[in-house]
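any chance you can model this:
(chains A and B)
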Amino acid sequence: MEKLRVAVIGAGKMGLLHAGIFNSLENSTLTAVSEKNKMIIGFGEKYLPKVKFYEDYEQMLDREEIDILTITTPVFLHYSMIEAAIKHNLNIFVEKPLALNGKECCSILSQNFTKQSQVGYCRRFMSTYTLAKKILNESFLGKINYFDSRIFVGMVFAPGKGWQYDPLKSGGGALIDLGSHALDMVHYLFGEISTVHGNAKKIYNKDVEDYVSITMSLKNEIIGSLQISWSVKNYRMPELKIDIYCDHGKISVTEKYIEIVSDIEHDSIKKGWNIFYKQDITPDVAINLAGPEYTLEDQQLVDAVVNNTVPTCNFREAAKASFVVDSVYSSINNNSVEKVLYGV
Amino acid sequence: MGFNMELILGHNQFIGISHISEEKSREKERQFSKVENIYRVVEYANQLGYKNMIIETHPKMLEFINYYEKNQTFEMDFYLQMPYAQGYVQKINEKGIHGFIHDMLKQSGPLKTGQIALKSAYGILMKDYSSLIYSLISMEISPFTKVNIKAVLLHNVMTDLLLSLEANDAVSDFISNIEKYGLNYGFSTLNFPLLSNRFNEWNISSPLVMTPVNPKGFDMNPTIEMVSDAIKKYKGDLIAMNILGGGAFSLKESKKFLNSFENIKYCVIGASTFEHLKENKEIFD
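Presented below is the predicted three-dimensional model:
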């Protein structure tokens, strides 16, 4: 078959990563990039002679034959770019979060869009979390009662200068930037959230929050909590740790390992303590750039386009995290328990 | 070991990287927050017979190299891995890409000599991408060249990105810039079969490559079988890394697996304690 032609808007760190992956998969190839920074375009034109570079993404969409558009720009640009891509009838990959807020997500979901979509909540493709999901689905640990979770990274200890620290461009601070990953994981593992109560603190930045604490109850009666911060010392890499308490055992899961304490023996899970490192359970990928999860999410989108299947983190699924983020911001602002409306 | 495999001391533990868990990373960061503690472990390793060490252009490793040079109670050879990509990302986040390059040129580029007016030189250099790359490489490796560098390895993140994007001329620019320093070059990769095939296209004859080799096939892409085949066919020197999966695999199992490759000359072992260094050395000797 002809390879799917992939174009990228925004050649920053994530844009280059996805560009490289799509260019290396069996059924896709990188054909065009649009980027505002002239120096990056200069580098691109010098070193990637096969790829067409544009400063204006609309010109790229008008002129290029594209099968998949990858959007890796600051969050405030996602909405208009997704709209343009839908008008051009393209399959879309967009980095997380889907858009600035629930309103933009509603507008995206209400469009007549018949192509495939994938949003970059990459933890859905990490082997430790997928194993946690598998174990929960098999139900041998019984009912899930409670979880406590935290996502931390040591990144912000002074006022930041980039778009991430301007809420009009980022949608907010640690909650939307980092916390959206954890909220997506809550949906992936447990299901939809009924109510949230959040508190937040701005320490290093005057416009966006650095620390957030959320308690929540889910529609299926699970209760849980989530702590979020990008200002915790000595977290070199972001870490999302979730402890899940079930009737017959407990699961602790991070990016690097999953530990299961089970009262029951079931397949490869022994009664008692079990630990699996990502080194033991990570699947092979065609190419590994910054972790197999990025290849797996891109591969799944390419496969979905070829086979007409639906990617697991499509717009509808990924929008859920954005709706919850909105509710948490309302809760913080009103000091209230808020119902999550999921766009209704 | 039945044939000669040289152990290279790894450095991840010294800069707080653990493949096992972030708790472990923090523990290492605490343990090695003082450069003296790194020095002591490296010194002990050297006494045990580790004569090579791999480092990267990370601020912590620069601190170590400066300390090593000042005290020098032992002799070690180094493999230097670059670029330290996370550092770039942080600086670009802080200053923007132009601010970052401006600072860098002031520090290490031709602007440092003051021969040309800052503004015009900046304008010219911003369009001369080969010179920009040379300046970036200079900035990174110059502070380390006072010790004996056996080879400069392009970090797997960069090798694999250039490989995936087919940025062939960028690879040639890396090589020629390292050669300008009179140093040997090499590549680190998580995608060895793809890379070794590409060397023909790049007209490079079998350079030094560092790549993961372990019995579970972790980070051996696309499959453990394809990587194993490609390794067996490779004519150049190879350094095996991730052999213990950061501690997830047993030393004996890994050693047995490594033994099945006759052409792997070196392997990287990271250890943070005297006991582990000794145990590793004994099992591998």
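
please name the residues that touch the residue of chain B found nearest chain A.
Nearest to chain A, among the residues of chain B, is residue B:164, at 3.2 Å (Cβ to the nearest Cβ). Quick note: C-beta positions are derived from backbone N, CA and C, even for glycine. Contact partners of residue B:164, counting by Cβ atoms under 8 Å, 6 or more residues apart in numbering or on different chains, are A:19, A:20, A:21, A:23, A:24, A:287, A:289, B:191.

ok, of those residues, which one's closest to residue A:256?
Set against residue A:256, the nearest of those by Cβ to Cβ is residue A:289 (18.3 Å).

pretty sure that closest one contacts residue A:296?
No - with contact defined as Cβ atoms under 8 Å, residue A:289 does not count as touching residue A:296 (11.7 Å).

so between the two, which is more surrounded?
Between residue A:289 and residue A:296, residue A:289 has the larger neighbour count (other Cβ atoms under 10 Å in any protein chain shown), namely 26 against 22.

so how far is the helix or strand the residue of chain B closest to chain A falls within off the chain centroid?
Using DSSP states H and E, the element containing residue B:164 is helix B:156-165. Mean-position distance between helix B:156-165 and its chain equals 14 Å (Cα atoms, centre = their mean, to the nearest Å).

now do it, average pLDDT.
Mean pLDDT, helix B:156-165: 96.

how far away is the residue nearest to residue B:155 when sequence neighbours are not counted from residue B:68?
In space, residue B:155 comes closest to residue B:81 once its chain neighbours are excluded; the distance is 5.3 Å by Cβ to Cβ, 6 or more residues apart in numbering or on different chains. Counting by Cβ to Cβ, to the nearest Å, the gap from residue B:81 to residue B:68 is 17 Å.

how about residue B:196?
Counting by Cβ to Cβ, the gap from residue B:196 to residue B:68 is 34 Å.

what are the buried residues along stretch B:220-227?
Within stretch B:220-227, the residues scored as buried using 16 or more other Cβ atoms under 10 Å in any protein chain shown are B:220, B:221, B:222, B:224, B:226, B:227.

hang on, isn't the second one packed against residue A:283?
No - contact status for residue B:221 versus residue A:283: not in contact, 10.2 Å apart, counting by Cβ under 8 Å.

what do the two both touch?
What both residue B:221 and residue A:283 touch, as defined by Cβ under 8 Å, 6+ apart, is the set residue A:292.

can you tell me the centre-most residue of the chain?
The chain I'm using is chain A. By Cα atoms, centre = their mean, chain A has its centre lying nearest to residue A:121, at 1.8 Å.

that's the wrong chain, I wanted chain B
What sits nearest the mean C-alpha location of chain B, by Cα atoms, centre = their mean, is residue B:81, with 2.5 Å.

tell me which helix or strand that residue sits in.
Going by DSSP H and E, residue B:81 is part of strand B:77-82.

could you give the angle of that strand to helix B:156-165?
Put simply, strand B:77-82 runs at 50 degrees to helix B:156-165, going by axes from the mean of the first three to the mean of the last three Cα atoms, to 10 degrees.

which residues touch residue B:280?
B:7, B:251, B:269, B:271 are the contacts of residue B:280 under Cβ under 8 Å, 6+ apart.

how about a cut-off of 7 Å?
For residue B:280, the contact set (Cβ atoms under 7 Å, 6 or more residues apart in numbering or on different chains) comprises B:251, B:269, B:271.

same check, this time on residue B:152
Residue B:152 neighbours (Cβ under 7 Å, 6+ apart): B:80, B:82, B:141, B:178, B:183, B:185.

from these, which has minimum pLDDT?
Of all these, residue B:141 carries the smallest pLDDT score, 91.

can you map out the helices along the chain?
Using chain A here. Counting by DSSP state H, one finds helices in chain A at the ranges A:13-24, A:38-47, A:57-63, A:78-87, A:102-109, A:127-138, A:167-170, A:174, A:180-189, A:278-281, A:292-307, A:315-334.

to clarify, I was referring to chain B.
Secondary structure of chain B (DSSP H): helices located at B:22-31, B:35-48, B:59-71, B:85-108, B:118-125, B:129-141, B:156-165, B:168-180, B:192-202, B:224-233, B:251-259, B:274-284.

how about the residues of chain B near chain A?
Neighbours of chain A within chain B, by Cβ under 7 Å from any Cβ of the partner chain: B:16, B:19-22, B:25-26, B:29, B:89, B:93-94, B:97, B:126-127, B:129, B:157, B:160-161, B:164-167, B:169-170, B:190-191, B:194, B:216, B:218-219, B:221-223, B:245-246, B:248-249.

quick one: buried ones out of these?
Here, 16+ other Cβ under 10 Å leaves B:16, B:19-22, B:25-26, B:29, B:93, B:126, B:129, B:157, B:160-161, B:164-167, B:169-170, B:190-191, B:194, B:216, B:218-219, B:221-222, B:245-246, B:248-249 buried among these.

of all the residues in chain A, which one is nearest chain B?
Taking Cβ to the nearest Cβ, chain B has its nearest neighbour within chain A at residue A:20, 3.2 Å off.

count of neighbours near that residue?
Using other Cβ under 10 Å, the number of residues around residue A:20 comes to 25.

go on, residue B:130?
Neighbour count of residue B:130, defined by other Cβ under 10 Å: 14.

touching, it and residue B:170? I think so.
No - counting by Cβ atoms under 7 Å, residue B:130 stays clear of residue B:170, with 9.6 Å between them.

and of the contacts of residue B:280, the nearest to residue A:161?
Nearest to residue A:161 out of those is residue B:271 (Cβ to Cβ; 40.0 Å).

need the contact list for the closest residue in space to that closest one that isn't next to it in sequence.
Leaving aside its sequence neighbours, residue B:271 sits nearest to residue B:277 (Cβ to Cβ, 6+ apart; 4.5 Å). Residues near residue B:277 by Cβ under 7 Å, 6+ apart: B:44, B:45, B:48, B:271.

let's go with 8 Å and repeat that
B:9, B:41, B:44, B:45, B:48, B:50, B:271.

not counting its neighbours along the chain, what's nearest residue A:166?
residue A:207 (6.7 Å).

okay, now that neighbour: neighbour count?
Using other Cβ under 10 Å, residue A:207 has 14 neighbouring residues.

residue B:152 versus that one, what's the distance?
Taking Cβ to Cβ, one finds residue A:207 at 42 Å from residue B:152.

give me the below-cutoff pLDDT ranges for the stretch 51-200 of chain B.
By pLDDT under 70, the weakly predicted segments of the stretch 51-200 of chain B are B:93, B:107-126.

can you rerun that using 50?
Where the stretch 51-200 of chain B drops to pLDDT under 50, the residues are B:113-116.

again, but for chain A
By pLDDT under 50, chain A contains no weakly predicted segment.

hmm, try it at 80
Applying pLDDT under 80 to chain A picks out residues A:161, A:344.

let me see the domain layout of it.
Following automatic domain parsing, one finds the domains of chain A at A:4-123+A:292-314, A:124-282+A:321-339.

residues from the stretch 51-200 of chain A in reach of chain B?
Neighbours of chain B within the stretch 51-200 of chain A, by Cβ under 8 Å from any Cβ of the partner chain: A:160, A:161, A:162.

now, of the residues you listed, which are buried?
Neighbour counting by 16+ other Cβ under 10 Å classes residue A:160 among those as buried.

quick check, pLDDT for residue B:279.
On the pLDDT scale, residue B:279 gets 87.

quick one: the spatially closest residue to it that is not a sequence neighbour from residue A:159, how far?
Distance criterion Cβ to Cβ, 6+ apart; nearest residue to residue B:279, sequence neighbours excluded, is residue B:251 at 7.2 Å. Look at residue B:251 and residue A:159: by Cβ to Cβ, they are 47 Å apart.
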